[in-house]
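Chemist: With the input below, show me the fold.
(chains A and B)
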Amino acid sequence: MNRRNFIGFGVLAMATLPATLSALSSIDFRKEKPDVWTAHTVDDAIKAMYGDIKPAESGVTVKAPKVASNGGAIPVTVKSDIPAKTVALFQDANPEATVCVYNCDKDSIIDYFCKIKMKKSGTIIAILEGQDGKFYKGSISLEVALGGCEG
Amino acid sequence: MGNMKIKAKEKNGIVKVKVMAKHDMLTYDQAKKKGKEANFITHITAKVEDRVVYDVSTSQFWSKNPMWKFKFRGNDKGKKLTITWTDLSGKSVTESKKIK
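Modeler: Below is the predicted model:
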């Protein structure tokens, strides 16, 4: 563990201490599973997040433009009808693989939209951890015309 | 104040939310080039009263001034939706909006 991470944890630990008692609790996966965020490949990140899993290649849809003109803000939508515990988003174009991890409950509708950065063309992968304990996977490959990590 | 633009609307028991926040979202690479510390939003939580309705841990790969949308089930018209984000530096911003 390096120094930067260590300081980050302390701060996040304080921020998330007042946990709520609702069905959907606030979980900070950066604190819970720090290895996920430093993993360089999608496989390593998935392993750090969920362990050795074999997700079904169905049930999850990832939407993004085929060709992204601006790699700094690629609109991505993750959709699924499967009741989920967590949904994690990865990509293989940037130095680290993990984009974000959503925490879900029965009232969550898996229809998340966000804009992400990608350095070059690559694949966006979504892994859904179902309430049934099974894993599902969706992915999309896209071309990035202008990389978004150069700043 | 005024960091986030929040839109929340309830229809047929489903609340749709759209949020835009102001944040540089500096990745480690970008920060190195600019000679600054990397800083990005690491966690976002949305609540209706005390109920958490959206919870996400994020990385530096969300875009600058990120915008995000989500939906959840609930007859929450007129209630207050509160969104909080925390970044790597520990800064935290909370804003709320009534669900239409």
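Chemist: number of nearby residues for the residue nearest to A:Phe29 when sequence neighbours are not counted?
Modeler: With CB to CB, 6 or more residues apart in numbering or on different chains as the criterion, A:Phe29 has its nearest non-adjacent residue at 3.9 Å, and that residue is B:Ser57. For glycine as for every other residue, the C-beta is placed from the backbone atoms N, C-alpha and C. Neighbours of B:Ser57 under the rule other CB atoms under 10 Å in any protein chain shown: 29.
Chemist: what is B:Ile41 paired to in the beta sheet?
Modeler: Here B:Ile41 sits in beta bridges with B:Asp87, going by DSSP bridges.
Chemist: now the strands for chain B?
Modeler: In chain B, the strands defined using DSSP state E lie at B:4-11, B:14-21, B:41-48, B:51-58, B:67-73, B:80-87, B:92-98.
Chemist: in the fifth one, what counts as buried?
Modeler: What that stands for is strand B:67-73. Buried residues in strand B:67-73, defined by neighbour count with 16 or more other CB atoms under 10 Å in any protein chain shown: B:Met67, B:Trp68, B:Lys69, B:Phe70, B:Lys71, B:Phe72.
Chemist: need the residues you listed in CSV with distance to chain A and pLDDT, can you?
Modeler: Converted to CSV, the buried residues of strand B:67-73 look like this (distance: CB to the nearest CB, whole Å; pLDDT from 0 to 100):
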residue, distance to chain A, pLDDT
B:Met67, 6, 92
B:Trp68, 4, 93
B:Lys69, 4, 93
B:Phe70, 6, 93
B:Lys71, 4, 93
B:Phe72, 5, 92
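Chemist: from these, which two are the most distant?
Modeler: B:Met67 and B:Phe72 (17.7 Å; CB to CB).
Chemist: need the contact list for A:Asn94.
Modeler: Residues near A:Asn94 by CB atoms under 8 Å, 6 or more residues apart in numbering or on different chains: A:Lys117, A:Met118, A:Lys119, A:Cys149, B:Thr27, B:Phe61.
Chemist: isn't the second one right up against A:Ala73?
Modeler: No - with contacts counted by CB atoms under 8 Å, A:Met118 stays clear of A:Ala73, the gap being 9.8 Å.
Chemist: Look at the two and report which has more neighbours.
Modeler: Each of A:Met118 and A:Ala73 has its neighbours counted (other CB under 10 Å); A:Met118 has more, 29 against 19.
Chemist: Just put the strands of chain B in TSV and tack on distance to A:Glu129.
Modeler: TSV is the format used below for the strands of chain B (distance: least, CB to CB, whole Å):
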stretch	distance to A:Glu129
strand B:4-11	27
strand B:14-21	23
strand B:41-48	19
strand B:51-58	14
strand B:67-73	17
strand B:80-87	23
strand B:92-98	27
